[in-house]
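Chemist: Predicted coordinates and the sequence they were generated for:
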Number of protein chains: 2
Amino acid sequence: MLNDVQRPARARSAHDLVAHGIGQNIMQGRFPIGSTLPGDAELMELFGVSRTALREAMKTLAAKGLIESKTKVGTKVLDRNNWNMFDADIIEWHLEMGVDARFLGWLFEIRQMLEPLACATAAVRRTEEQLKEMHRALQAMYQCESSRQGFTKADLAFHQAILEASGNPFLQSIGSVIGAALATSFTISSPVSSDERFREVMRQHQAVFDGILQANPAAASEAMSDLILQAAERVQIKHVESSLANVQIHAFTGVE
Amino acid sequence: MLNDVQRPARARSAHDLVAHGIGQNIMQGRFPIGSTLPGDAELMELFGVSRTALREAMKTLAAKGLIESKTKVGTKVLDRNNWNMFDADIIEWHLEMGVDARFLGWLFEIRQMLEPLACATAAVRRTEEQLKEMHRALQAMYQCESSRQGFTKADLAFHQAILEASGNPFLQSIGSVIGAALATSFTISSPVSSDERFREVMRQHQAVFDGILQANPAAASEAMSDLILQAAERVQIKHVESSLANVQIHAFTGVE
DNA sequence: ATTAGTATTATAGTATGATTTATAGGCTGG
DNA sequence: CCAGCCTATAAATCATACTATAATACTAAT
């Protein structure tokens, strides 16, 4: 069983590996929802770790809402709506078992719900320092046309700066969601693959920044909405073959 | 120090108490962001638990993004934007240190961003069974005019049924956010306090349900938006109104 | 026969000490 | 002055023993 679990890139701590292993097995349905996990002893042997490391992994998973342990009754896999989907690890584990068009659709749907309005609030609340931060990230994107990795990093920084400027801590904590979306998108369809596409992407980002700079919430919101919509389309085009529930982004956020 | 930590209602496990204690101290700024927590030995003495229990608590907090441990350097309190604000415990710990108007404002702001659009998608995707579930919850609300606790429970069930029907797992996992908002709102201003208010609240919920029932995403979305706005006003949050005043939400959900 | 209470027992929870590993900071040699 | 090698320290891990809890089975009283 463990052989099928995708290896994490770098060596990590024991409990981290175990959490990763169990988490991924839950995502893949090998530990089905509602089922009871093997007991401590069996899992210890399975992963070749001590009780301490195993239990720490369990606590990590429990903290993310994946499992619940009760004395005598065992450890059960909780229902999906207990899972904290805004957790970076959970999203990562999801994506590691293969990029699913539906999952990407949900990801973009959430972005479409939150980011345009985050831009709107940022346009009203942003400080000078936050504007500078956005500008720095934007400049970094301009300069990273050649480096896919550098571009992704700068792109994420730009979006995070906006979230930061929104002033809402809930929005500020969804960086992992956006990061996952960006990273995955770029593996499918890089925005720096062609010069034309690069300029289009930059134009959109510039529009978002300008809207926030000019304290124009409506413009900023609309620009971000366009940006996300196109990003989603770029990804979904590559996935037409998975005809099953090809979730379109239906939500448009407009202005009066 | 520990005396100031609000006691949880019911007795819980040792590591749970420790996680709660440290978590709350972080929220209150007694363990400031960026600072290094006391070492294992000191914390063990402070909370009167073994290393095992302490470390499990640490892993719980680390899983929620509150802290990060590194060998030799110690355990540091991470920056706010690493915290997973959609975690039920984190919200709870926030609220336990006293209801903060700003925090409530942020809570309602997020609801205003997500729930109307969740209604819109639910209006398109909902199954018959999900409609029945919403109806059940709605009926329970009608019948719980006398019981504040029962009403809150039914109210939450109604909102969760909508999230469920949206089909998006990210939305499905924000039940804790809504739950916290509802519970806190009701301690401030109960919707069943007067007959008049009760009828108004029920009218709004009925409008949301009708919109979803009739597969009318625009109507459902708007009804939910109204509902949340009024709920925010009841707890005297001017925040939401002002920040979203410039950008109206108009969700159109079209089917191809 | 049904119910209420009690004993059993499997399993998670907790405690403790020993051991290993990682790294900041100092030390040595170039 | 720098690079690479020690060393001290605190976290990470292991191993084992013990405790608390609750599901199950069993017993006894009605």
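Modeler: Arrived safely, thanks for sending. Numbers count the residues shown, from 1 in each chain, chains lettered A, B, ... in the order given.
Chemist: in chain A, which spans are strands?
Modeler: Taking DSSP state E, the strands of chain A run over residues A:67-70, A:74-77.
Chemist: which stretches of the stretch 101-250 of chain A aren't confidently modelled?
Modeler: A:191-192, A:237-250 (pLDDT under 70).
Chemist: Get me the contact residues on it for chain B.
Modeler: A:106-107, A:109-110, A:113-114, A:117, A:120-121, A:124-125, A:160, A:163-164, A:168-173, A:175, A:177, A:217-218, A:221, A:248, A:250 (CB under 8 Å from any CB of the partner chain). (C-beta placed from N, C-alpha, C; glycine too.)
Chemist: switch the cut-off to 6 Å
Modeler: A:106, A:109-110, A:113-114, A:117, A:120-121, A:168-170, A:172-173, A:217-218, A:221, A:250 (CB under 6 Å from any CB of the partner chain).
Chemist: These in helices, which ones?
Modeler: A:106, A:109-110, A:113-114, A:117, A:120-121, A:169-170, A:172, A:217-218, A:221 (DSSP state H).
Chemist: Adding distance to residue B:209 and neighbour count, write those out as JSON lines.
Modeler: Shown next, in JSON lines, are these (distance: CB to CB, whole Å; neighbours: other CB atoms under 10 Å in any protein chain shown):
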{"residue": "A:106", "distance to residue B:209": "24", "neighbour count": "21"}
{"residue": "A:109", "distance to residue B:209": "22", "neighbour count": "25"}
{"residue": "A:110", "distance to residue B:209": "24", "neighbour count": "24"}
{"residue": "A:113", "distance to residue B:209": "21", "neighbour count": "28"}
{"residue": "A:114", "distance to residue B:209": "25", "neighbour count": "26"}
{"residue": "A:117", "distance to residue B:209": "25", "neighbour count": "29"}
{"residue": "A:120", "distance to residue B:209": "28", "neighbour count": "29"}
{"residue": "A:121", "distance to residue B:209": "29", "neighbour count": "26"}
{"residue": "A:169", "distance to residue B:209": "31", "neighbour count": "20"}
{"residue": "A:170", "distance to residue B:209": "26", "neighbour count": "26"}
{"residue": "A:172", "distance to residue B:209": "33", "neighbour count": "22"}
{"residue": "A:217", "distance to residue B:209": "31", "neighbour count": "25"}
{"residue": "A:218", "distance to residue B:209": "31", "neighbour count": "17"}
{"residue": "A:221", "distance to residue B:209": "29", "neighbour count": "28"}
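Chemist: Highest mean neighbour count out of the strands of chain A?
Modeler: strand A:74-77 (a mean of 18; mean count of other CB atoms under 10 Å in any protein chain shown).
Chemist: now check that strand, is it near DNA strand C?
Modeler: Yes: using CB under 7 Å from any atom of the strand, strand A:74-77 reaches DNA strand C at A:74-75.
Chemist: Kindly export that strand (C-alpha atoms) in CSV.
Modeler: Output of strand A:74-77 as CSV, limited to C-alpha atoms (Å, rounded to 0.1, in the frame of the first residue of the first chain):
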residue,chain,number,x,y,z
GLY,A,74,-10.8,3.4,17.5
THR,A,75,-9.9,6.2,15.0
LYS,A,76,-12.5,7.0,12.4
VAL,A,77,-12.2,8.9,9.1
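Chemist: Which elements pack onto it?
Modeler: For strand A:74-77, the packing partners by 3 or more CB pairs under 6 Å, 6 or more residues apart in numbering or on different chains; DSSP states H and E come out as strand A:67-70.
Chemist: Tell me which strands the strand it packs on pairs with, and in which orientation.
Modeler: Strand A:67-70 has the following sheet partners, assigned by DSSP bridges: strand A:74-77 (antiparallel).
Chemist: What average pLDDT does the strand it pairs with get?
Modeler: Averaging pLDDT along strand A:74-77 yields 93.
Chemist: Just give me the neighbour total for residue A:196.
Modeler: For residue A:196, the count of nearby residues is 8 (other CB atoms under 10 Å in any protein chain shown).
Chemist: which residues does residue A:99 contact?
Modeler: residue A:184 (CB atoms under 6 Å, 6 or more residues apart in numbering or on different chains).
Chemist: go again using 8 Å as the cut-off
Modeler: A:184, A:187-188 (CB atoms under 8 Å, 6 or more residues apart in numbering or on different chains).
Chemist: can you put the strands of chain A in TSV and add distance to residue B:57?
Modeler: Formatted as TSV, the strands of chain A follow (distance: least, CB to CB, whole Å):
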stretch	distance to residue B:57
strand A:67-70	15
strand A:74-77	18
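Chemist: between those strands, which one is nearest to residue B:51?
Modeler: strand A:67-70 (19.3 Å; CB to CB).
Chemist: separation between the residue lying farthest from the centre of chain A and residue A:61?
Modeler: Residue farthest from the centre of chain A, counting by CA atoms, centre = their mean, is residue A:72 at 36.2 Å. Noted for residue A:72: a distance of 20 Å to residue A:61, by CB to CB, to the nearest Å.
Chemist: Can you name the residues that contact residue A:231?
Modeler: Contacts of residue A:231 (CB under 8 Å, 6+ apart): A:108, A:181, A:185.
Chemist: Go through those residues and name the one nearest DNA strand C.
Modeler: Nearest to DNA strand C out of the contacts of residue A:231 is residue A:181 (CB to the nearest atom of the strand; 29.3 Å).
Chemist: For the spatially closest residue to that closest one that is not a sequence neighbour, the count of nearby residues, please.
Modeler: Closest residue in space to residue A:181, ignoring its immediate chain neighbours: residue A:107 at 4.8 Å, by CB to CB, 6 or more residues apart in numbering or on different chains. Using other CB under 10 Å, residue A:107 is surrounded by 26 other residues.
Chemist: Hmm, residue B:170 and residue A:107 touching each other?
Modeler: Yes: the criterion here is CB atoms under 8 Å, and residue A:107 meets it with residue B:170 at 7.4 Å.
Chemist: what about the nearest residue to residue A:140 once chain neighbours are set aside, neighbour count?
Modeler: Distances taken as CB to CB, 6+ apart place residue A:154 nearest to residue A:140, at 3.7 Å, with adjacent residues excluded. The tally of other residues near residue A:154 (other CB under 10 Å) stands at 20.
Chemist: Over to residue A:156?
Modeler: Residue A:156: 18 neighbours (other CB under 10 Å).
Chemist: wait, what's in contact with it?
Modeler: A:175, A:178-179, A:182.
Chemist: repeat for residue A:185
Modeler: A:104, A:191, A:231, A:234-235 are the contacts of residue A:185 under CB under 8 Å, 6+ apart.
Chemist: would a markdown table of these with distance to residue B:225 be doable?
Modeler: A markdown table is the format used below for these (distance: CB to CB, whole Å):
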| residue | distance to residue B:225 |
| --- | --- |
| A:104 | 27 |
| A:191 | 33 |
| A:231 | 26 |
| A:234 | 30 |
| A:235 | 29 |
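Chemist: For chain A, what lies in contact range of DNA strand C?
Modeler: So chain A meets DNA strand C at A:11, A:37, A:39-41, A:51-52, A:55, A:58, A:69-72, A:74-75 (CB under 7 Å from any atom of the strand).
Chemist: From those, list the ones also adjacent to DNA strand D.
Modeler: Answer for the residues of chain A next to DNA strand C near DNA strand D (CB under 7 Å from any atom of the strand): A:51-52, A:70-72.
Chemist: can you pull out the helices in the stretch 1-150 of chain A?
Modeler: Assigned by DSSP state H, counting those that start in this stretch, the stretch 1-150 of chain A shows helices spanning A:14-27, A:40-47, A:51-63, A:88-96, A:101-125, A:128-143, A:148-166.
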